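Student: Sequence plus the predicted model coming up.
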Amino acid sequence: MTSSDRKTVLVVDDEAIARENLALIMEKEGYDVVVADSGETALSLLEKREVDLVLTDLRMQGKDGIAVLNGTKKRWPATEVVVITGYSSVETAIEAIRQGAYHYLPKPVNVAELKVLVGKALEKSGMQKEIRSLKKQLSDNAGASRIIGQSPAVQAMRERITQVAQLDCNVLILGETGTGKELVARTIHELSPRAKGRFVAFNCGAFTEELITNELFGHEKEAFTGANREKKGLLELAEGGTVFFDEIGELSLSMQVKLLRVLQERTLRRVGGSREIPIDIRILAATNKDLKQEAENGTFRMDLFYRLDVITIRVPPLPSAEMTYLCW
C-alpha cells in the first residue's frame with residue numbers, strides 16, 4: 001500500500017488507555033491514525049483533514065458518540081462511522097446504526113472482529129467517495145455538453161471551460177458576434193463553486209453611460225430627481241455569484257475607470273452615496289474586439305485589460321467549428 005493509498009482512521013475516546021490501544025491496532029494494520037480525546041476535538045479535526053473512517057466510543061463527556069456520528073454524516077456523508085459501546089448501551093448503538101453508523105462493536109473489543117469490521121467499513125467508504133466523484137464528473141460533463149460540436153476546436157474549448165470553471169478568477173472570452181460567448185460564460189458559472197449564486201449578464205453596448213452607472217452600481221434614495229428609494233445595482237445583486245460583461249470593449253474610458261476600481265478594491269459606491277459596500281463576485285467578460293490592440297491604441301485601459309485577462313477562452317468562429325450550433 002503506497003502512502004497515497006493509505007486510509008485515515010480517526011479514533012475518538014475520552015479514556016487515554018482505550019484510545020491508545022485502538023490507535024496502535026489501527027497503525028499495525030497500516031492505516032494513518034488520528035486521535036481525539038473528545039467529540040469536540042474530533043469534529044474540529046474533521047474540518048482540517050480528510051478522514052475515511054471514524055472509530056468512536058459511544059459514551060463520552062461533552063459531545064458523545066451520537067453527536068460525533070451526526071456531525072460527521074451531516075458534513076461528510078461518505079465517511080463511515082463505527083461506534084464502540086458497553087453492553088449496557090447496545091440499544092443506543094442500534095439507534096446509532098439507524099442514524100447512519102456503519103456498525104457497532106461491544107466492549108471489550110474483539111480485535112479480530114474489529115479488523116474485519118474496519119476493513120469492510122473502509123471499503124464502503126471508498127465506494128461512496130468514488131460514486132460521488134463520478135456523479136460530479138457526470139454533472140460537469142453534462143453542463144459543458146450543452147456546447148454542441150465535434151471539431152477539435154470545440155472539444156478543446158469544452159475541456160477548458162470545465163477546468164476554468166473551478167478557478168475563481170476573472171475570464172476574458174474572445175469570439176465573433178453570434179458564436180455563443182454568453183453560453184460559454186453561463187456554463188462556466190454553472191460548473192463553478194458559485195453556481196448557487198446569481199448569474200447576471202450585462203450588455204455594455206446597450207446603454208448610455210449614465211444608465212450603465214445606475215444599473216451596475218445602484219443609487220441611494222434622493223440621489224437624483226425621481227430616486228424615491230434606494231436601489232441595489234447589478235453588482236450588489238450578484239453577491240456570491242457571477243457577473244458577465246458582454247461586449248466589454250464598448251465601455252467608455254470613464255466607465256472603465258469605475259470598473260477597474262471595483263476589481264481592485266472589491267467594493268462599490270452607489271450613485272449619491274459615500275459608503276463603500278464590499279462585494280464578492282466573479283467577473284467574466286466577452287468581446288469581439290482585439291482588446292490588447294485597443295489598449296495599445298489608448299481606447300481601452302491596459303490595466304483593466306490585464307485585470308480581466310487572467311484566463312482567456314477563445315470561442316471558435318462558426319466555419320472552423322463545422323457550423324457548430326451553441327444550444328441551450
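Tutor: Looks like it came in fine.

Student: contacts and neighbour counts: CA atoms only from here.
Tutor: Noted.

Student: isn't residue 299 right next to residue 256, touching?
Tutor: No: look at residue 299 against residue 256 with CA atoms under 8 Å: they stay out of range, at 10.2 Å.

Student: Please identify which of those two sits among more neighbours.
Tutor: Shown here are residue 299 and residue 256; by other CA atoms under 10 Å, residue 256 has more neighbours (19 against 16).

Student: for the stretch 51-200 of the chain, which spans come out with low pLDDT?
Tutor: 87-90, 130-150 (pLDDT under 70).

Student: Tell me which stretches of it form strands.
Tutor: All strands of the stretch 51-200 of the chain, identified by DSSP state E, counting those that start in this stretch, fall at 53-57, 80-85, 103-106, 171-174, 199-203.

Student: Show residues contacting the first one.
Tutor: Meaning strand 53-57. Strand 53-57 is contacted from outside by 8-14, 64-65, 68, 79-85, 118, 121-122, 125, using CA atoms under 8 Å, 6 or more residues apart in numbering.

Student: quick one, that strand and strand 80-85 angle?
Tutor: Using axes from the mean of the first three to the mean of the last three CA atoms, to 10 degrees, the inter-axis angle of strand 53-57 relative to strand 80-85 is 20 degrees.

Student: again with the last one
Tutor: Inter-element angle recorded for strand 199-203 and strand 80-85: 150 degrees (by the same axes, to 10 degrees).

Student: Report the strands that pair with strand 199-203, each with its relative direction.
Tutor: strand 242-246 (parallel) (DSSP bridges).

Student: mind saving the C-alpha coords of the strand it pairs with as CSV?
Tutor: Below are the C-alpha coordinates for strand 242-246, written out as CSV (Å, rounded to 0.1, in the frame of the first residue of the first chain):
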residue,chain,number,x,y,z
THR,A,242,-21.0,35.8,-11.4
VAL,A,243,-21.3,39.0,-13.5
PHE,A,244,-20.9,38.7,-17.2
PHE,A,245,-20.0,41.8,-19.2
ASP,A,246,-20.8,41.3,-22.8
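
Student: Figure out how far the helix or strand following that strand is from the centre of its chain.
Tutor: Later in the chain than strand 242-246, the nearest helix or strand by DSSP states H and E is helix 253-265. Here helix 253-265 shows a centroid-to-chain-centroid distance of 27 Å under the convention CA atoms, centre = their mean, to the nearest Å.

Student: what mean pLDDT would you report for helix 253-265?
Tutor: In this model, helix 253-265 has a mean pLDDT of 94.

Student: Buried ones in it, by neighbour count?
Tutor: 255-256, 259-260, 262-263 (16 or more other CA atoms under 10 Å).

Student: go on, stretch 309-318?
Tutor: For stretch 309-318, burial by neighbour count (16+ other CA under 10 Å) applies to 309, 312-318.

Student: From those residues, which land in strands?
Tutor: Among the buried residues of stretch 309-318, the subset assigned to strands under DSSP state E consists of 312-314.

Student: I'd like those laid out as CSV, including pLDDT and distance to residue 27.
Tutor: As requested, those are exported to CSV (pLDDT from 0 to 100; distance: CA to CA, whole Å):
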residue, pLDDT, distance to residue 27
312, 92, 48
313, 92, 48
314, 91, 51
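
Student: closest to residue 153 among these?
Tutor: Of all those, residue 314 has the smallest distance to residue 153: 9.2 Å, by CA to CA.

Student: Pretty sure the closest one sits against residue 174.
Tutor: Yes: Residue 314 lies in contact with residue 174 (CA under 8 Å); the separation is 4.8 Å.

Student: And residue 216, how far from residue 156?
Tutor: 33 Å (CA to CA, to the nearest Å).

Student: more crowded one of these two?
Tutor: Neighbour count, other CA under 10 Å: between residue 216 and residue 156, residue 216 has more, with 19 against 11.

Student: Wait, a helix at that one?
Tutor: Yes: assigned with DSSP: H, G, I helix; E, B strand; the rest coil, residue 216 falls within a helix.

Student: What about residue 224, how many residues nearby?
Tutor: Residues near residue 224, counting by other CA under 10 Å, number 11.

Student: now it, nearest residue through space, not along the chain?
Tutor: Using CA to CA, 6 or more residues apart in numbering and skipping residues adjacent in sequence, the residue nearest residue 224 is residue 272, 7.6 Å away.

Student: residues touching that neighbour, list them.
Tutor: 219-224.

Student: And it, how far from residue 231?
Tutor: The spacing between residue 272 and residue 231, counted by CA to CA, is 11 Å.

Student: Find residues that contact each of those two.
Tutor: Counting by CA under 8 Å, 6+ apart, the common neighbours of residue 272 and residue 231 are 219-221.

Student: Just list the residues touching the residue nearest the centre of the chain, thanks.
Tutor: Nearest residue to the geometric centre of the chain (CA atoms, centre = their mean): residue 193, 2.8 Å. Contacts for residue 193 (CA under 8 Å, 6+ apart) come out as 165-166.
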